[in-house]
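**Student:** turn this into a structure:
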Amino acid sequence: MLWADALKEVDVIEHAGAAADIARVEYDSRRVGPGAVFVAMCGGTTDGNRYIDAAIAQGAVAIVTDSGETYARLRRERRELAVAWVEHGRRALAQLAAAVLGHPERQLKVSAVTGTNGKTTTVYLLEQLLRSAGRKCVLIGTIETRIGDEVLPSEHTTPEASDLYEILADGVRAGATEVVMEMSSHALDQERVWGIPVDVAIFTNLTQDHLDYHGTMGAYASAKARLFSGVGAPAPCIGVVNADDPLGGFVMHHARKSGVSVVETYGWVTDRPNGPSFQAKDVVMKAGITSFLLQTQKRSISLTSPLTGKVNVYNLLAAVAAAQARRLSLEEIARACQRLKPAPGRFEVVPGSKEAGFTVVVDYAHTDDALRNLISAARELVAPQKGRVITLFGCGGDRDRTKRPKMGRAAGEGSDLVVLTSDNPRSEEPMPIIEEALAGVRDTTTECIVEPDRAAAITIAIRAARAGDIVLIAGKGHEKVQVLRDRTIPFDDVAVAQQILQELR
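**Tutor:** Residues are numbered from 1 along each chain as shown. As a prediction, the model looks like this:
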């Protein structure tokens, strides 16, 4: 694409110079090659303007900068170079990527999920429902990116803008017509999703998390709500909102005010007037199977899925409402529900645990609300056998410290035994993190064993289990590494638990 044509789609303050065809758009100087335009933007942890000379040395044919000072320097020192000065670097990154890649976002229907908990599972369920009806999908989320049948690892819940447009372009080339993706509060606030037209926007819930970034719950809620007003694109056509969440009303009001034409709601059955559009009634939950009567405003139908726990009823309701918005019939949805698979690391039963007479579950729960929901689901499963709930958890370093004692209290209030260990301490020392979480456990009367070594802690939790118990290994879920101060090591909760179970047998 010609540089002059690309600039027509970017909000430019000033530009100078000319360049040959633009082949691709990069924000990482290490990935720059001949024919690339390098977008230098000031981020939260680094300033891309520091790497402009490196990008030029790598073969960049044009530079876009959000620094007036840098633009002036380049005009003085490199008058032959094509350069543009913009106010918003990330918006320019998205605009250029969309233009150079031929606007793949215009050829796809995007369903996007935001919320503190349940995003990953809801995305997995919705993608499976759409695929069951013959739709070819792109899935973008915390665990992986999937383009048709091709699976790629995910570095972030929501990729950087140019990477996101590359994924969409790959999806179009592969014949995809649908995108199902997680949109994190960080991505919405930082405008990594600038220009992506969302067809169906889904809100799961909002509980305390990421206050290390957002500062306040109000700012966190406002970042989530941006999904419903559009980020550099029109407001979504349809909104799907959890009516049972305390912030559901705020999101619904914001959606309607922003021009979302249809706002569907979901929740538990209620007798109150104007109840949710999609309601779960007569819910029956067992290990590995949940069934309920789905009531909509027009009709009812029975749904059965191999999912576990009340939280997954909510996740399935969200996915079903979105699938209906994407024109799947209730009959198609009901048939597909029977074959649904949970997302990896979300209430994942460790193979071999049931043979030991108890159940070991790995789950990503890393907030106090998610931990409380996980323990509640486990309690329902062990109640018939009068079994115990043993909960192992830790808290991540370099993240919201205020949730640590809350997670400890949640674990202590719901469990019969707590094993407190390390999660991803990152740049922090593990023991101070553990002490902050331990303060919450000590507010309860539940016994707590502290073991900073996560593998040793998993051994303690599993060896403490008796017939009929359930062991919850919470916090890391699908993750395959543990991030320490000085290194990152391979670590898989499922694999570690399997090895311990084999040793016990």
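**Student:** give me the next element, helix or strand, following the worst-scoring helix or strand of the chain on mean pLDDT.
**Tutor:** Every helix and strand of the chain was ranked by mean pLDDT, DSSP states H and E. The lowest is helix 211-214, at a mean of 78. Sequence-wise, the next helix or strand downstream of helix 211-214 (DSSP states H and E) is helix 217-225.
**Student:** phi first, then psi, for residue 145.
**Tutor:** phi -110, psi 130 (degrees, to the nearest 10).
**Student:** so it touches residue 137, yeah?
**Tutor:** No: counting by C-beta atoms under 8 Å, residue 137 is not a contact partner of residue 145; they are 11.3 Å apart. C-beta here means a position set from N, CA and C on the backbone, and glycine is covered the same way.
**Student:** which one of those two is surrounded by more residues?
**Tutor:** residue 137 (25 against 21; other C-beta atoms under 10 Å).
**Student:** how close does the closest residue in space to that one that isn't next to it in sequence sit to residue 232?
**Tutor:** For residue 137, ignoring the flanking residues on the chain, the nearest one in space by C-beta to C-beta, 6 or more residues apart in numbering is residue 178 at 4.5 Å. Per C-beta to C-beta, to the nearest Å, residue 178 is found 21 Å from residue 232.
**Student:** same check on residue 326?
**Tutor:** Taking C-beta to C-beta, one finds residue 326 at 23 Å from residue 232.
**Student:** for residue 9, grab phi and psi.
**Tutor:** Residue torsions, per degrees, to the nearest 10, at residue 9 are phi -100, psi 10.
**Student:** quick one: it from residue 74, how far?
**Tutor:** In terms of C-beta to C-beta, residue 9 sits 21 Å off from residue 74.
**Student:** more crowded one of the two?
**Tutor:** residue 74 (25 against 16).
**Student:** so residue 207 sits in a helix?
**Tutor:** No: secondary structure of residue 207 (DSSP: H, G, I helix; E, B strand; the rest coil): coil, not part of a helix.
**Student:** output the below-cut-off pLDDT ranges for the protein.
**Tutor:** Residue ranges of the chain with pLDDT under 70: 273.
**Student:** distance between the ends of stretch 302-311?
**Tutor:** 18 Å (C-alpha to C-alpha, to the nearest Å).
**Student:** for residue 144, give me its contacts.
**Tutor:** 151-154 (C-beta atoms under 8 Å, 6 or more residues apart in numbering).
**Student:** ok, and the most crowded of these?
**Tutor:** residue 154 (19 neighbours).
**Student:** how about the contacts made by that one?
**Tutor:** 140-145.
**Student:** in TSV, list the residues you listed along with secondary structure and distance to residue 120.
**Tutor:** As requested, the contacts of residue 154 are arranged in TSV below (DSSP: H, G, I helix; E, B strand; the rest coil; distance: C-beta to C-beta, whole Å):
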residue	secondary structure	distance to residue 120
140	strand	11
141	coil	5
142	coil	5
143	coil	6
144	strand	10
145	strand	12
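**Student:** let me have the residues you listed in CSV, extended by distance to residue 295.
**Tutor:** Formatted as CSV, the contacts of residue 154 follow (distance: C-beta to C-beta, whole Å):
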residue, distance to residue 295
140, 31
141, 29
142, 31
143, 32
144, 34
145, 35
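**Student:** neighbour count winner among residue 178 and residue 232?
**Tutor:** residue 178 (22 against 18).
**Student:** any buried residues in stretch 19-27, and which?
**Tutor:** 19, 22, 24-27 (16 or more other C-beta atoms under 10 Å).
**Student:** got the CA positions of it in CSV?
**Tutor:** Extracted C-alpha coordinates of stretch 19-27, given in CSV (Å, rounded to 0.1, in the frame of the first residue of the first chain):
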residue,chain,number,x,y,z
ALA,A,19,7.9,6.3,1.0
ALA,A,20,7.5,3.3,-1.2
ASP,A,21,4.9,0.7,-0.6
ILE,A,22,4.1,-0.1,3.0
ALA,A,23,4.2,-3.9,3.4
ARG,A,24,3.4,-4.2,7.1
VAL,A,25,3.0,-2.2,10.3
GLU,A,26,5.1,-2.9,13.5
TYR,A,27,5.3,-1.4,17.0
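**Student:** what sits up against it?
**Tutor:** Under the criterion C-beta under 8 Å, 6+ apart, residues 1-3, 6, 32-41, 48, 55, 60-62, 82, 93, 96-97, 100, 160-162 lie in contact with stretch 19-27.
**Student:** for ChimeraX, write a command that selects the buried ones of these.
**Tutor:** Selection of buried members from the contacts of stretch 19-27 for ChimeraX, criterion 16+ other C-beta under 10 Å:
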select :1,3,6,32,36,37,38,39,40,41,48,55,60,61,62,82,93,96,97,100,160,161,162
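**Student:** which of the contacts of stretch 19-27 fall in helices?
**Tutor:** 3, 6, 55, 93, 96-97, 100, 161-162 (DSSP state H).
**Student:** and which of these is nearest residue 278?
**Tutor:** Ranked by distance to residue 278 (C-beta to C-beta), the ones in helices among the contacts of stretch 19-27 are led by residue 161 at 32.7 Å.
**Student:** contact partners for the nearest residue to the closest one once chain neighbours are set aside?
**Tutor:** With C-beta to C-beta, 6+ apart as the criterion, residue 161 has its nearest non-adjacent residue at 3.9 Å, and that residue is residue 94. By C-beta under 8 Å, 6+ apart, residue 94 lies in contact with 161-162, 164-165, 191-195, 232.
**Student:** most neighbours among these, which one?
**Tutor:** residue 161 (31 neighbours).
**Student:** thinking that one is in contact with residue 187, fair?
**Tutor:** No: Residue 161 lies out of contact with residue 187 (C-beta under 8 Å); the separation is 9.0 Å.
**Student:** what is the burial count for the residue nearest to residue 309 when sequence neighbours are not counted?
**Tutor:** Distances taken as C-beta to C-beta, 6+ apart place residue 377 nearest to residue 309, at 3.0 Å, with adjacent residues excluded. Applying other C-beta under 10 Å, we find 23 residues neighbouring residue 377.
**Student:** please report how far residue 377 lies from residue 287.
**Tutor:** 10 Å.
**Student:** cool, residue 440 as well?
**Tutor:** 28 Å.
**Student:** what about those two, which has more around it?
**Tutor:** residue 440 (24 against 18).
**Student:** secondary structure element for residue 200, which one?
**Tutor:** strand 198-203.
**Student:** coming back round to it: was I right to think the residue nearest to residue 137 contacts residue 328?
**Tutor:** No: the pair residue 178 / residue 328 is not scored as a contact, 11.0 Å apart, by C-beta under 8 Å.
**Student:** now residue 118: how far from residue 464?
**Tutor:** Distance of residue 118 to residue 464, computed by C-beta to C-beta: 29 Å.
**Student:** direction included, what does the strand holding residue 200 pair against?
**Tutor:** When pairs are called by DSSP bridges, strand 198-203 turns out to pair with strand 109-114 (parallel), strand 238-242 (parallel).
**Student:** for those, give me CSV that also has mean neighbour count.
**Tutor:** Shown next, in CSV, are those (neighbours: other C-beta atoms under 10 Å):
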stretch, mean neighbour count
strand 109-114, 26
strand 238-242, 27
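**Student:** closest one to residue 318 among those?
**Tutor:** strand 238-242 (6.0 Å).
**Student:** contact partners of that closest one?
**Tutor:** 115, 199-205, 228, 248, 251-252, 255, 260-267, 314, 318, 321-322, 325.
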